[in-house]
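Asks: After the sequence you'll find the predicted model.
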Amino acid sequence: MATEDFNVLPDGSSFFTGSLPLPNDHWLFAPACTEWNAERNEIADCPMPILTNEHRKAVWIAAKYAIRAATMNGQDMDFDPDAMCQNIAYALCGPCSFIAKEQGQ
């Protein structure tokens, strides 16, 4: 783990920024899918679209938000891919607590 200097706050508590490498079995490192779906003319692990091209601009904006959020506005290229996924879901779907309230959970 790489760490920056420790910082001590006026109340005596402290913090530091750390960088932990992803585990070797992280989903990002999964072997690339080589199976082809001829019917869709697409690689087999590409999910089926759930939105239409009418949503393309909103998806693009959400993805840009997620990339900025996961990389501290481009300052950190050692970003967390899970954080990026969470930020995309947040930008597209809203916070989970809001969804749970809407569904009566």
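Replies: Nice, thanks for sending it over. These numbers come from a predicted model, not from an experiment.
Asks: State the distance from residue 51 to residue 37.
Replies: Distance, residue 51 to residue 37, by Cβ to Cβ, to the nearest Å: 19 Å. All C-beta spots, glycine's among them, are computed from the backbone N, C-alpha and C.
Asks: Same drill for these two, tell me which one is more crowded.
Replies: Regarding residue 51 and residue 37, a neighbour count based on other Cβ atoms under 10 Å identifies residue 37 as having more, with 13 against 10.
Asks: Who does that one form a beta bridge with?
Replies: Each beta-bridge partner of residue 37 is listed here: residue 42, as defined by DSSP bridges.
Asks: Adjust the sequence numbering to begin at 50 for everything that follows.
Replies: Fine by me, first position is 50 from now on; the one you just mentioned is residue 86.
Asks: show me the contacts for it.
Replies: Remark: with contacts taken as Cβ atoms under 8 Å, 6 or more residues apart in numbering, residue 86 is in contact with 92, 93, 95.
Asks: Tabulate these (JSON lines), appending distance to residue 144 and neighbour count.
Replies: JSON lines is the format used below for the contacts of residue 86 (distance: Cβ to Cβ, whole Å; neighbours: other Cβ atoms under 10 Å):
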{"residue": "92", "distance to residue 144": "32", "neighbour count": "12"}
{"residue": "93", "distance to residue 144": "32", "neighbour count": "11"}
{"residue": "95", "distance to residue 144": "27", "neighbour count": "10"}
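Asks: Name the helix or strand of this protein that has the lowest mean pLDDT.
Replies: The helix or strand of the chain with the lowest confidence, counting by mean pLDDT, DSSP states H and E, is strand 51-52 at a mean of 52.
Asks: List the pairing partners of the next helix or strand after that one within its sheet, with orientation.
Replies: Per DSSP states H and E, strand 51-52 leads on to strand 56-57 as the next helix or strand towards the C-terminus. Strand pairing for strand 56-57, using DSSP bridges, gives strand 63-64 (antiparallel).
Asks: Show the subsequent helix or strand relative to the partner strand.
Replies: As the chain continues past strand 63-64, the following element, by DSSP H and E, is strand 67-68.
Asks: who does that next one touch, helix- and strand-wise?
Replies: Contacts of strand 67-68 with other secondary structure elements, assessed using 3 or more Cβ pairs under 8 Å, 6 or more residues apart in numbering; DSSP states H and E, are made with strand 51-52.
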